[in-house]
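**Q** okay, predicted coordinates and the sequence, questions at the end:
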Amino acid sequence: MSETKTKESTYKPTSPNSKLDFASLWEYSEAPESSANLEIKDKYELFISGKFVKPSKDRYFKSLSPSTEKEITQFAEATQKDVDKAVKAARKAFKGEWSELKPSSRAKYIYRIARMLQERAREFAIAESIDGGKPIRESRDVDIPLAAAYFFYYAGWADKLEYAFPGKKPKPVGVCGQIIPWNFPLLMLAWKIAPALACGNTVVLKPAETTSLTAMMFAELVKDAGLPDGVVNIVTGAGQTGAEIVNHKDIDKIAFTGSTNVGKIIQKSLAGTDKKYTLELGGKGALILFEDAPIDQAVEGIINAIYFNQGHVCCAGSRLLVQENIADKVIMKLKDRLETLIVGHPLDKNTDIGAINSKEQFDRVNSYLELGVEEGAEVYQSKCSVPESGYYIRPTLFTNVSQSNRVVQEEIFGPVLTVQTFRTADEAIEKANNTPFGLAGGVWTDKGSKIFKVGKALRSGVVWANTYNKFDPTSPFGGYKESGVGREGGLHGLSAYLNLK
Amino acid sequence: MRPETNFEKVPIDRVAVEERVGRLNKRSIKKESKVQALKLALSMVDLTTLEGKDSEGKVRQLCQKAKSPHPSMPDIPSVAAVCVYPNMVRIAKESLRGTNINVASVASAFPSGMAPLPIRIEDTKYAVEEGADEVDMVITRGAFLEGEYNFVFDEIAAIKEACGDAHLKVILETGELHTFENVRLASDIAMEAGADFIKTSTGKISPAATQPVTLVMLEAIRDFYYKTDKMVGMKPAGGIRTAKQALQYLVLVKETLGAAWLNNEYFRFGASSLANDLLMQIVKQQTGHYQGPDYFSID
């Protein structure tokens, strides 16, 4: 056997843990997506009853781009008076033509929205990346197409509701107050508005204050689509505006996606009222990796589970549980894979991890990084360079952690993965379930029977097998325990927007 | 010589492999990085002619192309090797005298391998004696699919020995192995048996090289390197015709194995028409416009 040459003398491993060099030689040049055709207005008004109207107090708040820390526009701050106006418009539209409209005509409007979203996909994608910091690769390939898919899907249900619930007479609930988070601004809007409209409801929606841009662009789209006035109303503002929606007497249903803390406050305020509600809250998903799994593909799945959208995903798999006999190998491979993740400007087509959504979240994730170190965890971050301005955090691994660490227990909502080991399937299941959350989880094994055994034992709303973060409009989504109440998506998502008698 | 453990299949998830390739294909290669990559890819080409109608004249002309791919632009790199049948090695060797370009010969009863081992060894020795710097052998796919993994290991080891100083590329003919688990196992066996390179295909079977298969093989090379510190090269062959495809392969290599593999000692393209498309793109990058195909020599 002749010796195979090695080149270790010329190439230095990228990190002390790796034998491979991912940094030298061929670098990708910048590949920025042009934002020249996107017009962002200086300020956006409220969208009430089909018109853009000034807020009653004439107050506006700034919106920054997290990738540059520069102001991009201003949004109107909706007060109690404005919310009331929006609810009245929604009620009027509901009582008027919308709930009485032939279901197939309702469907026509929703299809039209879906098609127009596809037509404007590029500008929505660019806006989403500028406003929220997510990489253009994700806003272009996931957020916007999926948002359109939800409208297409629920448009199809509009005239088939009686078939969805045989023997029942499904009736719309009325006016829906919808409050959405900043991690998937347009997609969460679609998850809320599409089923609500399909079921014959009208809506008052509040986007998150850091990411209102695509919601306001959506308002323009709704106007262009010729939807009857007041069917969709969009009010911008911070927590107080959300509270006005939650506490408004003439709202029949609240749909909220966001943090568990706010979810609890909402649930308390709704106690004793006859409002229906669905809450989609936080998570701390476990990724269970068995020794018999296809390891290289599992590593890829883990990367997608935690570093997708900077880890700002409520169903993110933020706790890796890996079988002890393969742990060293998996950790080594994960560290190598981290080195090829590109942290950079959201509009660069090669960026894998964009900017953390806001200064507030940036500080929060950083405080968890410090906490992890204080708790005795070993921290590993990739060595890639990050832009000078903007809120960027390198992908991070915490090893040498246990169930009792706060970084393992609490939702960090950033690009941070904790790694623990287990010996048996029972131990893995016990650790995976040992959390107040229960939104999502993942299992990697080559054995089908093990997938079913473990999947059934996990107390979480979604369990992915040999993959992660796959979304489809036909599939219900929601949590156990502190991860929420009710389901969105699929047929299950319809019932939340209907009175079934 | 044979490792003590039995060869075991490593599970591979096809869906996830294809998804990974899809994600890597989204890398945007522009400007300076594109020029660099096009030149790199050209320097990795094994310019190949493996036809029944190959003649001295054909091989001489191909060698001329290898030496000077586009005479009007002298800063363009030459290809890595010229790949021919054993009886053409002498001609190629003569034509390429005084250059850095290697002569590669297919051998071991290429493309089927369906001959007794001694004859395949003779075939290999002949190619080396004629002057081949590199030997591209085939494995016996029938034996592999029968589960005779030790047979496959032994034949590779025997041909490696017959190669002497010549570099050995082991062609797995992935199009006949069908599953990724088989591709992975055949890669592991070949590397354990002493392959300097593992190669996807003969070019005679469809499908030839694909990116998912290449990724599976690159990951096998990575695991082998983690385990043994030995760097094994990779050669996808067959079906790679465009510069765009070539760049996608380079992205696979860059993000799986890193910079140490991004040179023609460790990565090759087995292709005949790829070189001209690379040239066309290089000229486009330098001059800002495309020239018609008639401005590039076809040899």
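**A** On my side now, so go ahead.
**Q** when you work out contacts or count neighbours from here on, use the C-alpha atoms and nothing else.
**A** Noted.
**Q** shaky segments in the chain?
**A** Reading this off chain A. Residues of chain A that meet the criterion pLDDT under 70 lie in A:1-18.
**Q** the chain in question should be chain B.
**A** The low-confidence ranges in chain B, as defined by pLDDT under 70, are B:1-5.
**Q** which residues outside whichever helix in it runs longest are in contact with it?
**A** Determined from DSSP state H, the single longest helix within chain B is helix B:211-228. Here helix B:211-228 makes contact (Cα atoms under 8 Å, 6 or more residues apart in numbering or on different chains) with A:19, A:296, B:17-18, B:21, B:174, B:180, B:183-184, B:187-188, B:191, B:198, B:200, B:230-234, B:236, B:249, B:252-253, B:256-257.
**Q** ok, which residues in the stretch 1-150 of chain B are in contact with chain A?
**A** With Cα under 8 Å from any Cα of the partner chain as the criterion, the stretch 1-150 of chain B comes near chain A at residues B:10-13, B:16-17, B:20, B:26-33, B:36-37.
**Q** could you redo the last one with a cut-off of 7 Å?
**A** The stretch 1-150 of chain B comes close to chain A at residues B:Pro11, B:Ile12, B:Asp13, B:Ala16, B:Val17, B:Arg27, B:Ser28, B:Ile29, B:Lys30, B:Lys31, B:Glu32, B:Ser33, as judged by Cα under 7 Å from any Cα of the partner chain.
**Q** B:Phe267 versus the residue nearest to B:Ala243 when sequence neighbours are not counted, what's the distance?
**A** Take B:Ala243 and drop its neighbours on the chain: the residue closest to it by Cα to Cα, 6 or more residues apart in numbering or on different chains is B:Leu278, 5.0 Å away. For B:Leu278, the distance to B:Phe267 (Cα to Cα, to the nearest Å) stands at 16 Å.
**Q** ok, back up a step: among the residues of the stretch 1-150 of chain B next to chain A, which are in strands?
**A** Under the assignment DSSP state E, the residues of the stretch 1-150 of chain B next to chain A contribute nothing to strands.
**Q** quick check, nearest of those to A:Phe452?
**A** Relative to A:Phe452, the closest of those is B:Asp13; by Cα to Cα it sits at 17.4 Å.
**Q** phi, psi of the closest one?
**A** Main-chain torsions, B:Asp13, degrees, to the nearest 10: phi -100, psi 110.
**Q** contacts only, for the closest residue to B:Val106 other than its chain neighbours.
**A** Spatially, and ignoring its direct neighbours in sequence, B:Val106 is nearest to B:Asp136 (4.4 Å; Cα to Cα, 6+ apart). Counting by Cα atoms under 7 Å, 6 or more residues apart in numbering or on different chains, B:Asp136 touches B:Ala104, B:Ser105, B:Val106, B:Ala107, B:Leu168, B:Lys169, B:Val170, B:Ile171.
**Q** I figured the fifth one hits B:Val135, correct?
**A** When you say that, I think you mean B:Leu168. Yes - using Cα atoms under 7 Å, B:Leu168 is in contact with B:Val135, at 5.0 Å.
**Q** who's more crowded, the two?
**A** Using other Cα atoms under 10 Å in any protein chain shown as the criterion, B:Leu168 and B:Val135 rank with B:Val135 on top: 30 against 27.
**Q** which residues does the host helix or strand of A:Ile113 contact?
**A** Assessed by DSSP states H and E, A:Ile113 sits inside helix A:103-119. With Cα under 7 Å, 6+ apart as the test, helix A:103-119 has contacts from A:Pro145, A:Ala148, A:Phe151, A:Phe152, A:Ala155, A:Gly156, A:Ala158, A:Asp159, A:Ala198, A:Val222, A:Ala225, A:Leu227.
**Q** export only the CA atoms of the helix or strand following that helix, formatted as PDB.
**A** Going down the chain from helix A:103-119, the next helix or strand is helix A:121-132, by DSSP H and E. Output in PDB follows, covering the C-alpha atoms of helix A:121-132 (Å, rounded to 0.1, in the frame of the first residue of the first chain):
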ATOM      1  CA  ALA A 121     -43.100  37.200  -3.800                       C
ATOM      2  CA  ARG A 122     -39.800  38.800  -4.500                       C
ATOM      3  CA  GLU A 123     -40.600  42.200  -2.900                       C
ATOM      4  CA  PHE A 124     -42.200  40.500   0.100                       C
ATOM      5  CA  ALA A 125     -39.100  38.400   0.500                       C
ATOM      6  CA  ILE A 126     -36.700  41.300   0.400                       C
ATOM      7  CA  ALA A 127     -38.900  43.300   2.800                       C
ATOM      8  CA  GLU A 128     -39.000  40.400   5.200                       C
ATOM      9  CA  SER A 129     -35.200  40.100   5.200                       C
ATOM     10  CA  ILE A 130     -34.600  43.800   5.600                       C
ATOM     11  CA  ASP A 131     -37.200  44.300   8.300                       C
ATOM     12  CA  GLY A 132     -36.700  41.100  10.300                       C
END
